[in-house]
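Enquirer: Sequence plus the predicted model coming up.
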Amino acid sequence: MKPIRAPSRLKAERYGRFAETLCRWHLRLRGWHILARRWRCPSGEIDIVARRGRLLAVIEVKLRRDLDDAAASVLPRQRRRIARAASAFLVMRPELAALSLRFDVMLVAPRRLPRHLRDAWRSDD
């Protein structure tokens, strides 16, 4: 049986899914191929995995009231968890291991286009 979620949590999840969809469209329009979305494993979750040419981007989507709050919300602990999930993803998809890996963040705020922060951090941070 699934746990009952508070209405505010359901609303936040709905907004989060909308932000991820908006970011995927933004990426597609710029020539990226979406390989995975909301990919989960025991060590973490990746919002979007996208490829363009020889570059593989692991992208975290952050939705907040303003872009500065969104940028500040990617904490070191979360970056480590995303990096571990990216390693697990590459184990599952060894054909992608030869590509250059980059960690990006896409920031979303109401009434604004998504802002794509390329190479937001390194996995060894």
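Expert: Perfect, I can see it now.
Enquirer: now the strands for the chain?
Expert: Remark: strands assigned in the chain by DSSP state E are 33-41, 44-52, 55-63, 100-108, 115-121.
Enquirer: most tightly surrounded among those strands?
Expert: Comparing the strands of the chain by mean neighbour count (mean count of other Cβ atoms under 10 Å), strand 55-63 ranks first with a mean of 22. Using the backbone N, CA and C atoms, a C-beta is placed for each residue, glycine as well.
Enquirer: Identify the residue spatially nearest to Leu107, adjacent ones excluded.
Expert: Ala70 (4.0 Å; Cβ to Cβ, 6 or more residues apart in numbering).
Enquirer: Return the set of buried residues in the helix ranked longest in the chain.
Expert: Ranked by residue count, the top helix of the chain under DSSP state H comes out as helix 7-29. Burial within helix 7-29, assessed by neighbour count using 16 or more other Cβ atoms under 10 Å, is assigned to Gly16, Ala19, Glu20, Leu22, Cys23, Arg24, His26, Leu27.
Enquirer: hang on, the earlier thing: burial of the residue nearest to Leu107, as a residue count?
Expert: Residue crowding around Ala70 was assessed by other Cβ atoms under 10 Å; the count is 23.
Enquirer: What residues does it make contact with?
Expert: Lys62, Leu63, Arg64, Leu107, Val108, Ala109 (Cβ atoms under 8 Å, 6 or more residues apart in numbering).
Enquirer: Would you mind giving these as JSON lines with distance to Pro7 and pLDDT added?
Expert: Converted to JSON lines, these look like this (distance: Cβ to Cβ, whole Å; pLDDT from 0 to 100):
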{"residue": "Lys62", "distance to Pro7": "22", "pLDDT": "94"}
{"residue": "Leu63", "distance to Pro7": "18", "pLDDT": "92"}
{"residue": "Arg64", "distance to Pro7": "20", "pLDDT": "91"}
{"residue": "Leu107", "distance to Pro7": "26", "pLDDT": "95"}
{"residue": "Val108", "distance to Pro7": "22", "pLDDT": "94"}
{"residue": "Ala109", "distance to Pro7": "23", "pLDDT": "91"}
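Enquirer: Save the residues you listed as a markdown table, and put in distance to Ala120 too.
Expert: As requested, the contacts of Ala70 are arranged in a markdown table below (distance: Cβ to Cβ, whole Å):
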| residue | distance to Ala120 |
| --- | --- |
| Lys62 | 10 |
| Leu63 | 16 |
| Arg64 | 15 |
| Leu107 | 10 |
| Val108 | 14 |
| Ala109 | 17 |
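Enquirer: Okay then, goodbye and thanks.
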